[in-house]
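J.: no sequence for this one, just the structure:
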């Protein structure tokens, strides 16, 4: 059974460029979460969706960040323009209905130079 | 607001030593409690959970008991292995979200 799939696994880009991170949740899961992990701030929730609808985006750091979930099997997190301080590991997680457990993907390591 | 506090690391132990990682929480009501583990280069994985007071979660030799009176959920293992080296996160559920502690890095020496 496939877990949460994220792509790319590693991304290196220059400051000012647009970055798009992708996530495919586990089939049948109806909630999706985007997190950012850094040494300084630990694990931060950026945004989450229920049934493809954004519920809470209060963790999105600023307008440069946006997330979409056009259907139940795909979500994107976009940073435009990217800055060096955006360098982090970005995780996607999904959750099945009537459960509090989240299942994490392997993460995307983003480096902005 | 709700929060989770866990002991700072890194924690370094020899193989076969006894492990305790302390975790306390602040929350209204009765949240579910979790321990997640993150191995190098990977995402977080659920290690164990407990959904109500006095429940004991267990998995892979790890245990934690939901203590409402002390608002704690300490992680224990009787004999650690090198393969247990990872970062461990204590967490609680609140509404639709999970609130994570800052993580405790564990190093096991052979």
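T.: Sure, I can see it. In this text, all values refer to a predicted model and were calculated from it rather than measured experimentally. Residues are numbered from 1 along each chain as shown, chains lettered A, B, ... in the order given.

J.: Report the contact partners of the residue nearest to residue B:77 when sequence neighbours are not counted.
T.: Distance criterion Cβ to Cβ, 6 or more residues apart in numbering or on different chains; nearest residue to residue B:77, sequence neighbours excluded, is residue B:19 at 4.4 Å. Yep, even glycine has a C-beta here, placed from its N, CA and C like the rest. Each residue near residue B:19 by Cβ atoms under 8 Å, 6 or more residues apart in numbering or on different chains is listed here: B:11, B:13, B:75, B:76, B:77, B:80, B:84, B:106.

J.: got the residues of chain B near chain A?
T.: B:32, B:34, B:41-46, B:49, B:89, B:93, B:96-98, B:100, B:102-103 (Cβ under 8 Å from any Cβ of the partner chain).

J.: what about stretch A:27-34, how long is it end to end?
T.: From its first residue to its last, stretch A:27-34 covers 17 Å (Cα to Cα, to the nearest Å).

J.: does any bit of it sit next to chain B?
T.: Yes: using Cβ under 8 Å from any Cβ, stretch A:27-34 reaches chain B at A:31, A:33.

J.: Turn the contacts of residue B:19 into CSV, including neighbour count, pLDDT and secondary structure.
T.: Converted to CSV, the contacts of residue B:19 look like this (neighbours: other Cβ atoms under 10 Å in any protein chain shown; pLDDT from 0 to 100; DSSP: H, G, I helix; E, B strand; the rest coil):
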residue, neighbour count, pLDDT, secondary structure
B:11, 16, 96, strand
B:13, 16, 97, strand
B:75, 25, 98, strand
B:76, 15, 98, strand
B:77, 20, 98, strand
B:80, 21, 97, coil
B:84, 20, 97, helix
B:106, 21, 97, strand
